[in-house]
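Undergrad: coords below, sequence missing:
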């Protein structure tokens, strides 16, 4: 299909999968029972021990009456118990729902409610955290339990296996149901599609409720390798890092996931780039990193097919930008409990050989060039349209970075469809906005040039080190306006509110480590969900009143928090101004909190 698809499918539209995860682990345990399956500072597990303990977890769940496809939470730290619990839940035929004990309690409560968990597996160290989600807990790793009977070689491909959560962009992280068929296709690719020894040792360092951690846990178990739960304990063990770039010489191989590589190709003996998302349960496209072609996306894994389509779902010609859609075995069941959203993103696949197949619409724009390679152009929500054509910000960003007086640059799309650019000058270069516009005019056609441009001392960054796109819009706007005048108290901002702002600002400075403007969003300023929990404690003590963290998510600026926490201003009659009832406030707060909690971990691939 010209310019439209890549990869291959079997006659039924999805290649038959090989052995499932449990069958592979059991086979490794049978051949090499003493081989190290899990390594941690507190102790490891051989494959023989791993199978015995996983069977014990399955037996415990069966004793508790856990039915097929019952959702079971796993609230455990990076430990051998985490690996045995994951396998044990799958062994029992239930659905594993990992919960990251490091996440904010509100996030955990929302995840537990979405999944309708029947129980949460905990250890003594996470019992309190598990109980906080309001679901009965099951203690693992203590009393011996007779292992359950060995599971079948592979559960039905359509049966749910794991729920992973997307990173969340502007909205709450979305729960995605990954089936046993999805896992089997991924495992076949991990086992057979890479050089021997690639996954002999894999470090687990991603958030435990996401698809990246799932891939980190599965990759070594598939090939009989070792899950590395403590980086310091990995000395002398050849390892691959699946995720962000590692320091030079830190790993034997590097699999970068999420999207195209940004910046120089990291130094590693072997380096690949993989397109990955929760909606595909992990990596779906991969290829070797090339320093001279950072936007190349690589080829789909064998059970997956890629399409480049226009808004009418028609294949686009070579060289034309379209939206990346993926079909085949990587297409997960959909969003848990969200049928409307699933229908919007998971579409009927008109190109599949078998009827009833679906494809998932990604958030990425790509094009297939004359050399047959798919190249990333930008994200759908970051590319404004002009004359019906998407305008990728990366073109202007790359052009700015080629200026000799620019140390760094970023270009983003505003909600109104403008391209907004910021450049950080090389010290002493004398770089100006006028000079940069002349530079861009020489390299780009008018439609690709940014509408707004500012020179900044530094780009606003997320905790991950990537550019905070939302904050960049505000910084550029302030740079264009110049310094803002100091706000003076007005009758509308009475003294109690002004005093409250000072108190809230001090708490923010304590938590974030620096002063922040009164109207800046907490998450744009570098905050996250854990820091928000800490902030609520500081404000509770400062105002000597209960401070609900849900309200803080709903009111994420200093000014909003102060208005909420300040003593009520009484009118002439001595009564406080009327406001919403507690029930109304909590209803609105929960809705807003579900949106803001996604931002607490960063914005999509920026996190």
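TA: That came through, no problem. None of these values were measured; they are calculated from a predicted model.

Undergrad: so what does the strand ranked longest in the chain touch, helix or strand wise?
TA: For the chain, the strand with the greatest residue count under DSSP state E is strand 358-368. Counting contacts by 3 or more Cβ pairs under 8 Å, 6 or more residues apart in numbering; DSSP states H and E, strand 358-368 packs against strand 271-277, strand 304-309, strand 322-328, strand 346-348, strand 374-379. Glycine gets a C-beta too; all of them are placed from N, C-alpha and C.

Undergrad: pLDDT below threshold where in the stretch 201-350 of the chain?
TA: For the stretch 201-350 of the chain, applying pLDDT under 70 flags the ranges 231-239, 241, 244-254, 256-268, 291.

Undergrad: what ranges does it have for its helices?
TA: 211-222, 339-345 (DSSP state H, counting those that start in this stretch).

Undergrad: looking at the ones you listed, which is buried most?
TA: helix 211-222 (a mean of 25; mean count of other Cβ atoms under 10 Å).

Undergrad: tell me the angle it makes with strand 271-277.
TA: With axes from the mean of the first three to the mean of the last three Cα atoms, to 10 degrees applied, the angle from helix 211-222 to strand 271-277 works out at 120 degrees.

Undergrad: distance from the chain centre to helix 211-222, please.
TA: The chain centroid and the centroid of helix 211-222 are separated by 15 Å under Cα atoms, centre = their mean, to the nearest Å.

Undergrad: just for the stretch 451-600 of the chain, where's the confidence low?
TA: 462-466, 482-496, 554, 568-600.

Undergrad: so which residues of it form strands?
TA: 452-455 (DSSP state E, counting those that start in this stretch).

Undergrad: I'd assumed residue 286 was in contact with residue 255.
TA: Yes. Shown here, residue 255 and residue 286 form a contact pair, counting by Cβ atoms under 8 Å, at 7.3 Å.

Undergrad: who has more neighbours, those two?
TA: residue 255 (27 against 21; other Cβ atoms under 10 Å).

Undergrad: beta partners of that one?
TA: residue 242, residue 272 (DSSP bridges).

Undergrad: contacting residues for it?
TA: 240, 241, 242, 243, 272, 274, 283, 286 (Cβ atoms under 8 Å, 6 or more residues apart in numbering).

Undergrad: hmm, 10 Å instead?
TA: Residue 255 sits next to 190, 194, 198-199, 202, 215-216, 219, 240-243, 268, 270-274, 276, 283, 286, 289 when contact means Cβ atoms under 10 Å, 6 or more residues apart in numbering.

Undergrad: swap in residue 65?
TA: Neighbours of residue 65 in contact, by Cβ under 10 Å, 6+ apart: 118, 119.

Undergrad: any idea of the pLDDT on it?
TA: At residue 65, the model reports a pLDDT of 89.

Undergrad: what's the helix or strand for it?
TA: Using DSSP states H and E, residue 65 maps to neither a helix nor a strand.

Undergrad: so how far is residue 92 from it?
TA: 11 Å (Cβ to Cβ, to the nearest Å).

Undergrad: and the contacts of residue 255, which of them are buried?
TA: 190, 194, 198-199, 202, 215-216, 219, 240-243, 268, 271-274, 276, 283, 286, 289 (16 or more other Cβ atoms under 10 Å).

Undergrad: re earlier: mind putting the helices and strands packed on strand 358-368 into TSV with distance to residue 443?
TA: Output for the helices and strands packed on strand 358-368, formatted as TSV (distance: least, Cβ to Cβ, whole Å):
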stretch	distance to residue 443
strand 271-277	26
strand 304-309	26
strand 322-328	25
strand 346-348	37
strand 374-379	17
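
Undergrad: mind checking which of those is nearest residue 460?
TA: Of all those, strand 374-379 sits nearest to residue 460, with 18.4 Å by Cβ to Cβ.

Undergrad: from the chain's centroid, how far away is the helix or strand just after that closest one?
TA: Once the chain leaves strand 374-379, the next helix or strand it forms, by DSSP H and E, is strand 385-386. Centroid displacement of strand 385-386 relative to its chain, using Cα atoms, centre = their mean, is 28 Å.

Undergrad: parallel or antiparallel, list what pairs with strand 385-386.
TA: Short version: by DSSP bridges, strand 385-386 pairs with strand 389-390 (antiparallel).

Undergrad: who touches the strand it pairs with?
TA: 320-323, 365, 377-380, 382-384, 413, 447.

Undergrad: so which of those is the closest to residue 28?
TA: For those, the nearest to residue 28 is residue 379 (39.3 Å; Cβ to Cβ).

Undergrad: tell me which residues of stretch 113-124 are tucked away?
TA: Buried-residue list, stretch 113-124, by 16+ other Cβ under 10 Å: 114, 115, 117, 118, 119, 120, 121, 122, 123.

Undergrad: show the end-to-end separation of that stretch, please.
TA: 23 Å (Cα to Cα, to the nearest Å).

Undergrad: and the contacts of stretch 26-38?
TA: Under Cβ under 10 Å, 6+ apart, the answer for stretch 26-38 is 19-20, 25, 44-55, 79-84, 87, 91, 150-151, 153, 201, 204, 217, 220-229, 237.

Undergrad: filter those to the buried ones?
TA: Here, 16+ other Cβ under 10 Å leaves 19-20, 25, 44-55, 79-84, 87, 91, 151, 201, 204, 217, 220-229, 237 buried among those.

Undergrad: just the buried residues from the contacts of strand 389-390, in PyMOL please.
TA: Filtering the contacts of strand 389-390 down to the buried ones (16+ other Cβ under 10 Å) takes a single PyMOL command:
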select buried, resi 321+322+323+365+377+378+379+382+383+384+413
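
Undergrad: quick check: pLDDT value at the residue nearest the centre of the chain.
TA: With the centre of the chain defined as its mean C-alpha position, the nearest residue by Cα atoms, centre = their mean is residue 167, 2.8 Å away. In the predicted model, residue 167 carries a pLDDT score of 72.

Undergrad: can you tell me the SS state at it?
TA: coil (DSSP: H, G, I helix; E, B strand; the rest coil).

Undergrad: re earlier: of the buried ones among the contacts of stretch 26-38, which belong to strands?
TA: Going by DSSP E, the strands hold 45, 46, 201, 226, 227, 228 from the buried ones among the contacts of stretch 26-38.

Undergrad: where do the strands sit along the stretch 51-200 of the chain?
TA: Using DSSP E, counting those that start in this stretch, strands in the stretch 51-200 of the chain cover 71-74, 95-98, 119-122, 137-139, 160-165, 175-179.

Undergrad: which stretch in those is the model least sure about?
TA: strand 137-139 (a mean of 92).

Undergrad: what's the pLDDT at residue 357?
TA: 94.

Undergrad: gap between it and residue 164?
TA: 22 Å.

Undergrad: and residue 159, what does it touch?
TA: For residue 159, the contact set (Cβ under 10 Å, 6+ apart) comprises 68, 69, 90, 93, 95, 179, 180, 181, 333.

Undergrad: make a ChimeraX selection of the buried ones in those.
TA: Only the buried members of the contacts of residue 159 enter the following ChimeraX selection, criterion being 16+ other Cβ under 10 Å:
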select :90,93,95,179,180,181,333
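
Undergrad: from the contacts of residue 159, pick the one nearest residue 552.
TA: residue 95 (32.2 Å).

Undergrad: what pairs with the closest one across the strands?
TA: residue 71.

Undergrad: surely it meets residue 68?
TA: Yes. Assessed by Cβ atoms under 10 Å, residue 95 is found in contact with residue 68 at 9.2 Å.

Undergrad: what residues are shared contacts of the two?
TA: 159, 160.

Undergrad: overlap in contacts, residue 255 and residue 286.
TA: Going by Cβ under 10 Å, 6+ apart, residues that sit against residue 255 and also against residue 286 are 194, 272, 273, 274, 276.

Undergrad: state the pair within those that is farthest apart.
TA: Among the shared contacts of residue 255 and residue 286, 194 and 276 lie farthest apart (Cβ to Cβ), at 14.9 Å.
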